[in-house]
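Engineer: Sequence first, predicted coordinates after that:
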Amino acid sequence: MKDAVLGAAPTPPTAPVDKRPRELRHRTSALLDGSLTPDEAIRIDTLRGNHDLLQLITLLRLEGPLRPVNPWELEDPRGTHLINAGSYAALPFGEAYPPLLEFVQRFLATPPSTVGFAQQSASAWRGALNDTLIGILSEHAPSHADSQVFLSNSGAEAIETAVKFVRAARPKATTLINFKRGYHGKTLGALSLTPNEEYQAPFRPLLGPVRTIPFGDIDMLASAVREIGPDKVQAIVVEPIQGEAGVITPPPGYLRALGALAQEHGIIVVADEIQSGLGRTGHWFASVSAGLDPDIITLAKPLGGGIVPIGAVIARRSIYRAMLSGVKSKLHSNTFGGGALACAVALRSLELINDEGLVKKARDDGAYGLERLRAIRDAHPQLIGDVRAAGMLFAITIKPVLPGRLLPIDPALVPQLSAFLGIAALHRAGVHACYSENAEGIVRFTPPLTIPRATLATMFDRVEAMAEQHKRPVNLLRLLSGGEMARLVRMAF
């Protein structure tokens, strides 16, 4: 046997010549004409995707696939009609909103006036979107009249970009400040700012150092700044309304005081408006409406109109240019950010939010919805605890189904089980609701901003009917058989 030659590359296998097109397992025509059955869709999605998550939602009978009936209602494979309040604030117009679909069809049918992905050239669509965003913001926060925009593909990516801007602008500072129950995403940098032990623990070491303090306590924030040293604080990263925490709003005056403290010490403020911005809370920007003038704002969710993935970072010119100027202008980029289709849909989304008066509508409908939820809570205090709202962000607390010592799980996980069962009960009552990943026992409702008042009223009627049917948390356990409950406990907890 000949000695192996050290460092010699192995001979690659000879690939067979493929002389005819490979037969693909699935064709687009099958999905467009509906010949792929719901059962088959569930099977392949579970097999090739996030298996255990899909198994969990199947056990709770939430699996879908869901079919839009109209922009505000869905139908599951069992024929249950659901009012869609489960979009995590990403569907400002609901599903398949005709004015948005008509625009997309027109855009695709029109010969392009600019290349689809203009990484190395100017783009009319990107420029128009960025200029429009600055125009809207500067009307409410005039200090942003000369700010600049960087586009990305998601909210988490926008947060990652914001952190890079902060580091470039304050290179001698070391520490970020965030808040308990805050949620900024699950990519590594965004996760570092999301103080949830369940999500963070498997991925340490994370970005740091990060100092986490209670949300809403200005004295503790000032104390943290003093302890770290103002010159060592890179930025304060804050959600003006904590969505995933269950729609937590800070005390009046808190955000204004936060801004004053940061300005006094030259600390950058990043406002994460991914869920709260662009009309959802009854304001274009929840932070600005509360008296904060942030240095950086991150946007996503509604900006894509429920059709395209897009994120945006708006930064003061001095901060923007600290990272992207001169030869440094190539320090941050992405392939698909600022693509023509995404920018076109985003611009049309801003038009619709503006032209249809959806910001004021969200404020008015939110006040109506909170009144309804308070009445439901007062009628069913054994089942429902706190209720909260900020415009068209709604949250209710489902009380624990049983004391933790009576269930074969960690007592700390009982609120999660209660929320899961609450969502399942609402589904059966005809409401598609949101699970809150950074809260205990919270179910959220984020209906489309365009939802007619009559449909919104029906949604709350169904929430009330669910509460009337179950009355007490323990009754939610009846949604599952003993065997199903055992499987749920094994899978989820």
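Structural biologist: Received the coordinates, thanks.

Engineer: Name all residues that make contact with Y368.
Structural biologist: R453, L456 (C-beta atoms under 8 Å, 6 or more residues apart in numbering). Heads up, the C-betas are built off the backbone N, CA and C, glycines and all.

Engineer: P447 too?
Structural biologist: W72, I83, N84, A85, S87, M392, L456, M459.

Engineer: Could I get these in JSON lines, plus columns for neighbour count?
Structural biologist: JSON lines is the format used below for these (neighbours: other C-beta atoms under 10 Å):
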{"residue": "W72", "neighbour count": "24"}
{"residue": "I83", "neighbour count": "28"}
{"residue": "N84", "neighbour count": "26"}
{"residue": "A85", "neighbour count": "27"}
{"residue": "S87", "neighbour count": "19"}
{"residue": "M392", "neighbour count": "27"}
{"residue": "L456", "neighbour count": "21"}
{"residue": "M459", "neighbour count": "28"}
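
Engineer: Only alpha carbons, please: show the least confident helix or strand in the chain by mean pLDDT as PDB.
Structural biologist: Ranked by mean pLDDT, DSSP states H and E, the weakest helix or strand in the chain is helix 482-492, scoring a mean of 78. Provided in PDB are the C-alpha atoms of helix 482-492 (Å, rounded to 0.1, in the frame of the first residue of the first chain):
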ATOM      1  CA  GLY A 482     -56.000  12.700  29.400                       C
ATOM      2  CA  GLY A 483     -53.700  11.200  26.800                       C
ATOM      3  CA  GLU A 484     -53.500  14.500  24.900                       C
ATOM      4  CA  MET A 485     -52.700  16.300  28.100                       C
ATOM      5  CA  ALA A 486     -49.900  13.800  28.900                       C
ATOM      6  CA  ARG A 487     -48.500  14.300  25.400                       C
ATOM      7  CA  LEU A 488     -48.600  18.100  25.700                       C
ATOM      8  CA  VAL A 489     -46.800  18.000  29.100                       C
ATOM      9  CA  ARG A 490     -44.100  15.700  27.600                       C
ATOM     10  CA  MET A 491     -43.700  17.800  24.500                       C
ATOM     11  CA  ALA A 492     -43.800  21.400  25.800                       C
END
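
Engineer: about what we covered before: in helices only, show me the contacts of P447.
Structural biologist: Mapping these onto helices (DSSP state H) picks out L456, M459.

Engineer: Most widely separated two among the contacts of P447?
Structural biologist: S87 and L456 (14.2 Å; C-beta to C-beta).

Engineer: by contact count, what packs against the least confident helix or strand of the chain?
Structural biologist: helix 51-59, helix 414-429 (3 or more C-beta pairs under 8 Å, 6 or more residues apart in numbering; DSSP states H and E).

Engineer: Return the most buried member of the ones you listed.
Structural biologist: Greatest average neighbour count among the helices and strands packed on helix 482-492 goes to helix 414-429 (a mean of 23), per mean count of other C-beta atoms under 10 Å.

Engineer: contacting residues around the residue nearest to R280 when sequence neighbours are not counted?
Structural biologist: Of all residues not flanking R280 in the chain, A89 sits nearest, at 5.2 Å (C-beta to C-beta, 6 or more residues apart in numbering). Applying C-beta under 8 Å, 6+ apart to A89 gives the contacts G243, Q275, S276, R280, K301, P302, L393, T446.

Engineer: Need those in CSV (columns: distance to A342, secondary structure and pLDDT).
Structural biologist: As requested, the contacts of A89 are arranged in CSV below (distance: C-beta to C-beta, whole Å; DSSP: H, G, I helix; E, B strand; the rest coil; pLDDT from 0 to 100):
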residue, distance to A342, secondary structure, pLDDT
G243, 23, coil, 97
Q275, 19, coil, 98
S276, 21, coil, 98
R280, 20, coil, 99
K301, 13, helix, 98
P302, 13, helix, 98
L393, 24, strand, 98
T446, 22, strand, 99
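
Engineer: Quick check: buried residues in stretch 100-109?
Structural biologist: Across stretch 100-109, burial judged by 16 or more other C-beta atoms under 10 Å covers L100, F103, V104.

Engineer: Point out where the stretch 301-450 of the chain drops to low pLDDT.
Structural biologist: 404-408 (pLDDT under 70).

Engineer: residue ranges for the helices of it, please.
Structural biologist: Using DSSP state H, counting those that start in this stretch, the helices of the stretch 301-450 of the chain run over 317-323, 340-355, 358-379, 414-429.

Engineer: Can you spell out the domain ranges of the chain, please?
Structural biologist: 38-97+358-492, 112-355 (automatic domain parsing).

Engineer: Just to be sure, L74 is in a strand?
Structural biologist: Yes. The assignment for L74, made by DSSP: H, G, I helix; E, B strand; the rest coil, places it in a strand.

Engineer: For burial, what's the neighbour tally of it?
Structural biologist: Neighbourhood size, L74 [other C-beta atoms under 10 Å]: 21.

Engineer: low pLDDT regions in the stretch 101-250 of the chain?
Structural biologist: Applying pLDDT under 70 to the stretch 101-250 of the chain flags the ranges 113-114.
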